[in-house]
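Visitor: return atomic coordinates for the entry below.
(2 chains)
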Amino acid sequence: MFESLSERLSGILDKLTRRGALTEEVVNEAMREVRRALIEADVALDVVRSFTDKVRNRAVGQDVIRSVSPGQQVIKIVHDALVEMLGSTAQPIDLAAVAPVPIMMVGLQGSGKTTTSAKFGRRLSERSRKKVLLASLDTRRPAAQEQLRVLGEANQIDTLPIVAGQTPTQIADRAMMAGRLGGYDVVILDTAGRTHIDEALMAEMAEIRRIANPHEILLVVDALTGQDAVNLARSFDERVGITGIVMTRMDGDGRGGAALSMRAVTGKPIKLLGVGEKSDALEDFDPQRIAGRILGMGDIVALVEKAAAEMDMAKAAKMAAKLKQGTFDLDDLAEQLKQMQKMGGMKGIMGMMPGMGKMAKQLEGANLDDKLLKRQIAIISSMTKKERAKPDILAASRKRRIAAGSGTRVEDINRLLKQHRQMADMMKAMKKGGRGGLAGMLGGLMGGGMPDIDPAMLEEMARSGQLPGGMPGMPPGMPGGLPSGLPPMPPSGGLPPKLPGLPGLPGLGVKAPGSGFLPGLGKKK
Amino acid sequence: MSETEKPGFFKRLFTGKSDAHVAEAAAETAKLSWWQKLKTGLSRTSSQLTTGIAALLTKRKLDAATLEDLEDLLIQADLGMTTASAIVATLKRERFETDISDDEIRKVLAAEVEKVLGPVARPLDIGSDHQPHVVLVVGVNGTGKTTTIGKLSAKLTREGRSVMLAAGDTFRAAAIEQLKIWGGRVGAPVVAGEQGADASGLAFEAMRQAKDAGTEILIIDTAGRLQNKAELMAELEKVIRVIKKQDPTAPHTVLLTLDATTGQNALNQVEIFGRVAGVTGLVMTKLDGTARGGILVAIAAKFGLPVHFIGVGEGIDDLEPFEASDFAKAIAGIGE
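Guide: You can find the predicted model right below:
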């Protein structure tokens, strides 16, 4: 999400931070580059213009140029302006109305309305324990109603029975009736895709709105949309008065510029993000955090949330107990690797870690992301119970057997064992270290104040981002206690650029133990 | 005014103004061309594109400020920074500081765009060298693969060719039903499996059935996939590998559908699908909105892949051949 835009912007801003003093000309030059980066990310031209004007005015108007770290100041200004562009506060879906609360999904063909309807339905029923009814009003595209029915079935959400020959308005009427009679909390109306200049269909949409009186009207927009995004958002808003926006396909490698323009153009908040094909790939939208991600500052909150959502509480508690004793066997390591896999692999986690966006990219380049996790899990699965509990007994012959069993090589097994040893050592150290170890880590995560980004922190991040090793450059005080959880990251060179062998892994693996404790965080919260 | 002799959609553009064409095009006027729809659409949105440029350029020197505005115009049509700058640079070289009227500037602009698009406007040629001629349709989710297949098969069956469809989108719910409905509409048999079944297995089966039935053209649908999902692209590679087992020369045509509303990401789509699936030609869909698909200019400049069709609506006939001059005019805002 936003990776390539993020990369461009941090590149431009990096240049500023490296300079001791800033002249107006330097700022202007940087803004020209920012303009270009935003345009190439498909941000609407008008929005780009007002954005760069805003940043330029603030940057030259204030005492920025004379301040101690002018580059950091500019980054802060860019960050703030981004947050403003995205709408300063998060605005979640509003369900505060008399049940059944009607929610209407509108948008162009192929923007992802039906998929989003199903994801959203699942989320409401699972997370908010709502009784949800899905109704497809799409009588135009062949098999569209069938599609929603199948998705509903797959996710255990009720769908309105299909009655052939009904018009969309009749279906809307029937859906609301069924919603009332069936005691549903929410009725999601999935409408047919339409272009905003198709007068007949726009009129139909207005009519559906009149009948169902939806509490939320969500415009579903493909994040890969180009400059036309603003036209369509405006038109839909003018015709039906949308209450919010859902951006889909945020998991593409698009630069997500459409998402940046939406709020500025319509004044309506982005409420949800579609981030994958699976029915649970739907995220809340928070401008602060998204702005952080765009500037390569990571998104710790998302990481914690994701960890909390994916974590198996019972397993985590068991792990915690084990760690207290200072034991950490290969089964535990496998567990950690699986957790990491669930959380989107190393790349997913790194992308959310402040200052590590670039590393995530390099990992991707080295193509060792998820395959490696899988392979390591396979290695551990090929061991006997005894071997997993006592890796010391692994003689050469056993290793050869494991290598054959897991389709790997003996070197891979040695590497994994080394990684395990380092982690186990760290666990012991943590046990001794008390507050400095795990507790510090927890405290750091909790009280770190990640979402509020201050210039001093930015400076450190920028600095760490510039260092080729990434990790070594991370100052001790960086985002809370995180670094204390990362000691085994090899001090020599770290990951990039060539990844000789897999020196970075032990360190990476270590993040998992950190996350193993995240449920605890959730509770504290 | 019209430079094209072909009757067709560009002629329809001007039926409102040109009396000579009214009679022969009367039958077609009921259906708006994409450019007409685009115009009405733009006038209805708050976009100042077309009006803006007129106000800008009436009686004015082609100075730096005007050039910058022209560049903005092109950017807003999704041409992207690089292509927009290149085109404007050409204008600057040739006409800088000359007096130029609104009409002229648009013509020059259109001519520049057409220069890029001309070479890629090539009709889809489905020869009879291969039996069956295998057409694989690929693209990102929601770009209109299945709909395009429906329209294309209608066109081919109308031409008297025998067509078989393969419901290779085994991922999306009801995608198989959707293709079956299209098959029913155009009278083409549809080879389908279960949802969730292996797509390459289905492709293999479809190849076998098409061979047995002696079908001339087999069109294989695929599941939509984002080009940055490595595992999904690997799955697509496998589909192609399996097709080749039955006929090493297949697929003979690989069409990539591109959504006209897509911005700069379309470049990546062409690049990666091109590399993985060996795309032979493009279809630009959803030109019935206000998006003008300017990214196609950047794509033409960079990849030179043929553009065969444009999709202009949900109807069975809403697939038109791609005409470079019309497209260029639409981007430059000529024709109102």
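Visitor: how much space separates the closest residue in space to B:A197 that isn't next to it in sequence from chain A?
Guide: Distance criterion Cβ to Cβ, 6 or more residues apart in numbering or on different chains; nearest residue to B:A197, sequence neighbours excluded, is B:T170 at 4.9 Å. Where C-beta positions appear, they are placed from N, C-alpha and C, glycine not excepted. B:T170 sits 12 Å away from chain A when distances are taken as Cβ to the nearest Cβ, to the nearest Å.
Visitor: what count of nearby residues applies to B:T170?
Guide: Burial measure for B:T170: 21 neighbouring residues, criterion other Cβ atoms under 10 Å in any protein chain shown.
Visitor: ok, now the one 3 residues further on?
Guide: The burial count assigned to B:A173 is 23, neighbours taken as other Cβ under 10 Å.
Visitor: with B:G315 instead?
Guide: 13.
Visitor: doesn't A:P142 lie inside a strand?
Guide: No: looking at A:P142 with DSSP: H, G, I helix; E, B strand; the rest coil, it is coil, so not inside a strand.
Visitor: and the closest residue to it other than its chain neighbours, what helix or strand is that in?
Guide: With Cβ to Cβ, 6+ apart as the measure, B:I181 is the residue that lies nearest to A:P142, at 3.7 Å, once sequence neighbours are left out. Secondary structure here is read from DSSP states H and E; on that basis B:I181 sits in helix B:175-186.
Visitor: got the buried residues for that helix?
Guide: Burial within helix B:175-186, assessed by neighbour count using 16 or more other Cβ atoms under 10 Å in any protein chain shown, is assigned to B:A175, B:I176, B:E177, B:Q178, B:L179, B:K180, B:I181, B:W182, B:G183, B:V186.
Visitor: which pair in these spans the largest distance?
Guide: Distance extremes for those: the farthest pair is B:A175 and B:V186 at 17.1 Å, using Cβ to Cβ.
Visitor: what ranges do the helices span in chain B?
Guide: Listed in chain order, the helices found in chain B under DSSP state H are B:9-13, B:19-29, B:34-44, B:49-57, B:64-76, B:81-95, B:102-117, B:145-158, B:175-186, B:199-213, B:230-246, B:265-277, B:295-303, B:324-332.
Visitor: equivalent analysis for the stretch 251-400 of chain A, please.
Guide: Counting by DSSP state H, counting those that start in this stretch, the stretch 251-400 of chain A has helices at residues A:257-266, A:287-294, A:300-310, A:313-325, A:330-342, A:345-352, A:357-366, A:370-381, A:385-389, A:396-406.
Visitor: about what we covered before: least reliable of the helices of chain B going by mean pLDDT?
Guide: Taking each of the helices of chain B in turn, the lowest mean pLDDT turns up on helix B:19-29, with a mean of 38.
Visitor: sorry, back to before: quick one, grab the pLDDT at the residue nearest to B:A197.
Guide: As predicted, B:T170 sits at a pLDDT of 92.
Visitor: likewise for B:S47?
Guide: According to the predicted model, the pLDDT of B:S47 comes to 44.
Visitor: find the closest residue to chain A in the stretch 201-336 of chain B.
Guide: When distances are taken as Cβ to the nearest Cβ, the stretch 201-336 of chain B approaches chain A most closely through B:G263, which lies 2.6 Å from it.
Visitor: residues contacting that residue?
Guide: For B:G263, the set of contacting residues under the criterion of Cβ atoms under 8 Å, 6 or more residues apart in numbering or on different chains consists of A:D42, A:L224, A:T225, A:G226, A:Q227, A:A229, A:G254, A:G257, A:A258, B:D78, B:I295.
Visitor: that older thread, A:T243: which of the helices of chain B is closest?
Guide: For the helices of chain B, the distance to A:T243 is smallest for helix B:34-44, at 22.0 Å, taking Cβ to Cβ.
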